[in-house]
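Chemist: fold the stuff below for me.
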Amino acid sequence: MEFRSLKVVSAKMQRWFQESIEPCYQQWLNYVKQPGVRCVVETTFCIDGIKFWLWVATSEQVCALLLAPTRSSAELKSLLGEDFDGILSSDCKACLQSSKGEGETKMLNPFGARLESSLYQSLC
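Modeler: Sure thing, here's the model as predicted:
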């Protein structure tokens, strides 16, 4: 089998997989969008040399992932919804802090900044 044929088969399998789990994924997103404490974090993820951000949002029931082209608060809103009425546990990045506008987001970050600072200092 040719490499080109394998790519076509792989793309078809990926599309089939995405379509088959879409209803479950929408259900998971609905869980994450409910009020409560949510841990949200993002990290860079490269695919074929192109930088993406892998966003992770958790609830008591599920963990939802979103592969997004940016690190903006728009991606956070697509995970949690425009009117998320809960508490975010995160690393307090600016994109998370600006998710609801100035001063409106409730953040829970025990030790986050202090830990990040001490880890950075110990590595440098």
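
Chemist: only C-alpha atoms from now on, for both contacts and neighbour counts.
Modeler: Will do.

Chemist: what's near enough to touch Q61?
Modeler: Y31 (Cα atoms under 8 Å, 6 or more residues apart in numbering).

Chemist: what's the neighbour count on S78?
Modeler: 13 (other Cα atoms under 10 Å).

Chemist: P69 now?
Modeler: By the criterion of other Cα under 10 Å, P69 has 14 neighbours.

Chemist: quick check: it touching F52?
Modeler: Yes. Contact criterion Cα atoms under 8 Å: P69 and F52 qualify, at 4.8 Å.

Chemist: wait, doesn't F84 sit right on K33?
Modeler: Yes. Taking Cα under 8 Å as the definition, F84 is a contact partner of K33 at 6.3 Å.

Chemist: for F45, helix, strand, or coil?
Modeler: Three-state call for F45 (DSSP: H, G, I helix; E, B strand; the rest coil): strand.

Chemist: that one and W53: what is the separation?
Modeler: 6 Å (Cα to Cα, to the nearest Å).

Chemist: those two: which is more packed in?
Modeler: More crowded of F45 and W53, by other Cα under 10 Å: W53, with 19 against 15.

Chemist: bridged to that one, which residues?
Modeler: Going by DSSP bridges, W53 is paired in beta bridges with T44, A68.

Chemist: who's in contact with it?
Modeler: Neighbouring residues of W53 by Cα under 8 Å, 6+ apart: E42, T43, T44, F45, L67, A68, P69, T70, R71.
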